[in-house]
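turn this into a structure:
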Amino acid sequence: MKTTTKIVLSLILFLFLLNLSVIIAVSFIDADKYERRYIVHTTSVSQENLIAIDVASFRTIRIDKEESKEVKNLNVSGTIRISPANDQETENKLLLPEELLKSTDITSSDDTLIIRLKPGVLYEQYVDERKGKFFLINDINYFVHTNTVDVICNMAEIKVDVRNITTEKINIHTYGNVEIDSCRVEFVEPDIQNNSGRFLLKNSQVNELRIDLDKIGRAWQIENCAIEVEHLTGSGTHRVDLPKSEAKIMNWHPKNKDAQLTVTLKGDTASVML
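Predicted structure coming up:
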């Protein structure tokens, strides 16, 4: 093989390897850019060292979030769980993780305890901007040990979870999901302001249940419950399935003359009164 030919072939091989190296390097750089730009990085609040706050003197607990224009691309998720106390030390107490307390303002107004999350502080605690652009912080959790359930939750990211409560009324005003499990209640009326919020009632005994179909639509479910009277209201057109075991009596309260309700009865026998 001539020397000139060897030189040309070596040059072609060198250029090929150089281009291949550049392609591989760019692919890694692009992958890293993609991960930093589009992947959601998730972290959680430590649940150790719970701090107790006395709620005996308050009728209502309100969960809120401080407005922060500086904090972008930060989402949170968590639960406010209401259940009886296991001991006298936690009776009529609200418990929250010590880590969460650092980013929470707790104030009161008349008979309302206000718990306000501070996203700016939360961002400083948990977010590393070198890891990406989008962040999710889980386990924003509050544990309330009381039989008085009067909750206002202005955060759609926080689920309201009520369990093992015996009380006269469960009053929940929220933008997120609601679950009531294993409770004995005289009156339940979930007030869900967000159409994407869901309501689940299960393993419970309820004397009266009121559902506004305009707010909840079909995003509600009842499992293994004994309900004496179920009141439904709404405007427009709605459809519901009514299993045999769901309620003894269902009342329809239309908001206007054009409101319609279509009921599908499930079970062996049913009694319809008009």
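
mind listing the helices in the protein by residue range?
3-38, 98-101, 119-126, 213-216 (DSSP state H).

quick check: closest non-adjacent residue to Thr237.
Leaving aside its chain neighbours, Thr237 sits nearest to Gln260 (4.6 Å; criterion: Cβ to Cβ, 6 or more residues apart in numbering). Backbone N, C-alpha and C define where each C-beta goes, glycine included.

where's that neighbour relative to Ile211, distance?
Distance, Gln260 to Ile211, by Cβ to Cβ, to the nearest Å: 16 Å.

by mean pLDDT, flag the weakest helix or strand of the chain.
One helix or strand of the chain scores below all others by mean pLDDT, DSSP states H and E: helix 3-38, with a mean of 54.

low pLDDT regions in this protein?
1-38, 69-70, 129-132, 194-195, 217, 244-245, 267-274 (pLDDT under 70).

same thing but 80
Counting by pLDDT under 80, the chain has low-confidence residues at 1-40, 68-73, 127-134, 193-197, 217-218, 241-246, 265-274.

what's the burial count for the nearest residue to Thr167 once chain neighbours are set aside?
In this structure, Thr167 finds its nearest non-sequential neighbour in Asn147, 4.9 Å apart by Cβ to Cβ, 6+ apart. Counted with other Cβ atoms under 10 Å, residues neighbouring Asn147 total 16.

just confirm Asn147 contacts Pro84, I think it does.
Yes - counting by Cβ atoms under 8 Å, Asn147 sits close enough to Pro84 to count as a contact (6.5 Å).

which neighbours do the two have in common?
When contacts are counted by Cβ atoms under 8 Å, 6 or more residues apart in numbering, Asn147 and Pro84 are jointly contacted by Ile165.

can you pull the contacts of the residue nearest to Thr167?
Applying Cβ under 8 Å, 6+ apart, the residues contacting Asn147 are 84, 165-167.

of those residues, closest to Gly197?
Nearest to Gly197 among those, counting by Cβ to Cβ, is Ile165 at 20.1 Å.

measure Ser46 to Glu98 for me?
For Ser46 relative to Glu98 (Cβ to Cβ), the value is 8 Å.

His231 reaches Arg210, doesn't it?
Yes - under the criterion of Cβ under 8 Å, His231 makes contact with Arg210 at 4.5 Å.
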